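Peer 1: Okay, structure incoming, though there's no sequence with it:
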Ligand code: ADP
Ligand code: ZN
């Protein structure tokens, strides 16, 4: 079988994406490979396909064992002989995999990096006909990256021990430094380098100043995604739980996920999410790496993630099926201060200065008014034109500035007069003339600033406070008390003006744009799509696999649009190859036949 036949038969795709073919050819010709391609770009096919055309078995090193399991399940559904070796398997299962290896029955073997170092395993490897090694999430070898893993450092060992076997390394994101590091650490030999554009055309990227705790903004987004899957990232375990609880109280199918949960609960949440039973997972970063669910329609960050790298990777989990998906980053100046403090507390390592720089760059990216896609790609050293239609900045009308110098001076005066000890909420109460007990107890109703700020509501005062933090006019002490900086003092004296984007001061949130809605033909049969989804769910349950492993949302959507009537027509649909057709084709044709008969 040649490349194209293999592609059609096992993967159900009509053609390679341009960079995929380059990567496949590199592997087939026995070269080392270093591929950088965004999530959803189709990296896995680049090694899953060539091994089918070569003798021997491919060993794939991937950091997250729990999620390998799903990848292996999906591969088997495509008729590809794959297995994994992991500590969570029973002795018996492991023995079975070893036996299959010895009989030469496997084409792909997934293992965790810590496994490789073991003497037993390394001896086993020497007896196997390995055609090439794959290092997935290769950025983990680099200390310059954001997910450095000690286990990955030891991978240089592969080259030392198996010098002649080619190595193919894959990652979704790498700055030039990280790319250099990967090639060096893995001792790649003049690798073929394939670097794809970071632009994800199907993602609408939005970053907004968080209003209050941001829950209102979150609910608004969720309202536009009823019944769809998504992830909401928060920074702490506690927040995941209280936010999930809040969402459930609003009628959303939500669950929390973080590293502190019992293994069993984690598994339950993850599986219910895959099965579309839980729609929104509220998670810390513990949830994510290697998530292989293709129909995630939104990813929300409730506050600034650790780095642009993290951010890019996390939003990358949306829309892997190529359909429209939406991402929302909510940020506030407090996030910046908190992250800065994290870095302050790091020991003096060479990377510390680098960490501050990276944080500043992230902040500029959030507050900038240029195209988000362009800015993100720019961070990783790629030049892109403005997207024009897939980010909030390109979609927003040229923003109008409003001057808020007077309001800013009132706020600063409130902080100053009350002794620079009180938090934002207290100062707002003071400005609005509240009869709050604490204010009365402090005798602050007699201050000259008491009640001078009734022209703005609490939310708007919150925005003014944020703006001052952003500008560096204020900072927060360890008890979150607002303290003036030099710049703040100058503003208070009337030496400097303060402006802000008009829409931030508006009390009503801007209405949602229609452009994030998926583009569907006018006569799209939503009911048929639902019936196909039902059928998929039933099949998935019966086979014990997640629904999207049966068919992706994209495949279902194409089925509903084109309504294929027989095998030939079925095979022309995205994601349906012969193997999948043999397995499920008839079951879906049944559903389609009913409709075709009546229309
Ligand atoms: P990555 O590992 O780079 O994040 P995946 O390997 O998960 O990406 O692929 C993302 C999606 O793209 C999958 O749904 C896959 O079926 C699809 N895909 C991959 N290659 C092709 C292709 N040549 N034609 C059409 N779709 C493809
Ligand atoms: Zn844009």
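Peer 2: That came in fine, so what should we check first? Note that the coordinates shown come from a computational prediction; the quantities given were computed from them, not determined experimentally. Ligands and ions are numbered 1, 2, ... in the order given.

Peer 1: what residues does the stretch 301-450 of the chain put near ligand 1?
Peer 2: Taking Cβ under 6 Å from any ligand atom, the part of the stretch 301-450 of the chain that reaches ligand 1 is made up of 320-321. C-betas here are computed from N, CA, C, even on glycine.

Peer 1: Tell me which stretches of the stretch 301-450 of the chain form strands.
Peer 2: 325-331, 401-403 (DSSP state E, counting those that start in this stretch).

Peer 1: any residues touching the first one, and which ones?
Peer 2: What that stands for is strand 325-331. By Cβ atoms under 8 Å, 6 or more residues apart in numbering, the residues outside strand 325-331 that reach it are 202-210, 214, 217-218, 221, 224-225, 296-304, 311, 315, 318-319, 366, 516.

Peer 1: And for stretch 209-224?
Peer 2: Under the contact criterion Cβ under 8 Å, 6+ apart, stretch 209-224 has outside partners 208, 230, 232, 243, 246-247, 250, 252, 280, 298, 300, 302-303, 326, 328, 330-332, 459, 462-463, 466, 504, 509, 512, 516-517.

Peer 1: Looking at the contacts of strand 325-331, which are in strands?
Peer 2: The strands, defined by DSSP state E, take in 203-209, 296-301 from these.

Peer 1: Max pairwise distance over the residues you listed: which two?
Peer 2: Distance extremes for these: the farthest pair is 209 and 296 at 24.7 Å, using Cβ to Cβ.

Peer 1: can you list the residues of the stretch 151-300 of the chain near ligand 1?
Peer 2: Residues of the stretch 151-300 of the chain found near ligand 1 (Cβ under 6 Å from any ligand atom) are residue 294.

Peer 1: Quick check: which ranges of the stretch 151-300 of the chain have low pLDDT?
Peer 2: For the stretch 151-300 of the chain, the stretches with pLDDT under 70 are 288-290.

Peer 1: for the stretch 1-150 of the chain, same thing?
Peer 2: In the stretch 1-150 of the chain (pLDDT under 70), the answer is 65-66, 145-146.

Peer 1: Now do the strands in it.
Peer 2: Using DSSP E, counting those that start in this stretch, the strands of the stretch 1-150 of the chain run over 33-36, 57-61, 82-85, 108-111, 130-135.

Peer 1: quick one on the thing from earlier: narrow the contacts of stretch 209-224 to just the buried residues.
Peer 2: Buried subset of the contacts of stretch 209-224 (neighbour count, 16 or more other Cβ atoms under 10 Å): 208, 230, 232, 243, 246-247, 252, 280, 298, 300, 302-303, 326, 328, 330-332, 462-463, 466, 504, 516.

Peer 1: pretty sure residue 278 is in contact with residue 270, am I right?
Peer 2: No - with contacts counted by Cβ atoms under 8 Å, residue 278 stays clear of residue 270, the gap being 9.0 Å.

Peer 1: burial count for residue 159?
Peer 2: When neighbours are counted by other Cβ atoms under 10 Å, residue 159 registers 18.

Peer 1: Which element, helix or strand, includes it?
Peer 2: Per DSSP states H and E: residue 159 is located in helix 156-161.

Peer 1: Tell me the residues of the protein that contact ligand 2?
Peer 2: Applying Cβ under 5 Å from the ion, one finds that the chain approaches ligand 2 through 371, 387, 391, 394.

Peer 1: Of all those, the one with the weakest confidence?
Peer 2: Checking pLDDT across the residues of the chain next to ligand 2, the minimum falls on residue 394 at 87.

Peer 1: Dump the strands of the stretch 1-150 of the chain to a markdown table, plus mean neighbour count and distance to residue 487.
Peer 2: Below are those laid out as a markdown table (neighbours: other Cβ atoms under 10 Å; distance: least, Cβ to Cβ, whole Å):
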| stretch | mean neighbour count | distance to residue 487 |
| --- | --- | --- |
| strand 33-36 | 26 | 40 |
| strand 57-61 | 25 | 50 |
| strand 82-85 | 22 | 56 |
| strand 108-111 | 22 | 54 |
| strand 130-135 | 23 | 48 |
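
Peer 1: could those strands go into JSON lines alongside distance to ligand 1?
Peer 2: Below are the strands of the stretch 1-150 of the chain laid out as JSON lines (distance: least, Cβ to the nearest ligand atom, whole Å):
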{"stretch": "strand 33-36", "distance to ligand 1": "9"}
{"stretch": "strand 57-61", "distance to ligand 1": "12"}
{"stretch": "strand 82-85", "distance to ligand 1": "14"}
{"stretch": "strand 108-111", "distance to ligand 1": "13"}
{"stretch": "strand 130-135", "distance to ligand 1": "11"}
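
Peer 1: With respect to residue 402, which of the ones you listed lies nearest?
Peer 2: Nearest to residue 402, of all those, is strand 33-36, at 42.0 Å by Cβ to Cβ.

Peer 1: before we move on, what SS does residue 165 have?
Peer 2: Secondary structure of residue 165, reduced to three states by DSSP: H, G, I helix; E, B strand; the rest coil: coil.

Peer 1: likewise residue 255?
Peer 2: State at residue 255, reduced to three classes by three-state DSSP: strand.

Peer 1: That one: what's it in contact with?
Peer 2: Residue 255 neighbours (Cβ under 8 Å, 6+ apart): 244, 269, 272-273, 278, 280-282.

Peer 1: hmm, try it at 6 Å
Peer 2: Neighbouring residues of residue 255 by Cβ atoms under 6 Å, 6 or more residues apart in numbering: 244, 269, 278, 281.

Peer 1: okay, these in CSV with distance to residue 50, neighbour count and secondary structure next?
Peer 2: CSV is the format used below for those (distance: Cβ to Cβ, whole Å; neighbours: other Cβ atoms under 10 Å; DSSP: H, G, I helix; E, B strand; the rest coil):
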residue, distance to residue 50, neighbour count, secondary structure
244, 42, 23, helix
269, 35, 22, helix
278, 36, 20, coil
281, 34, 26, strand
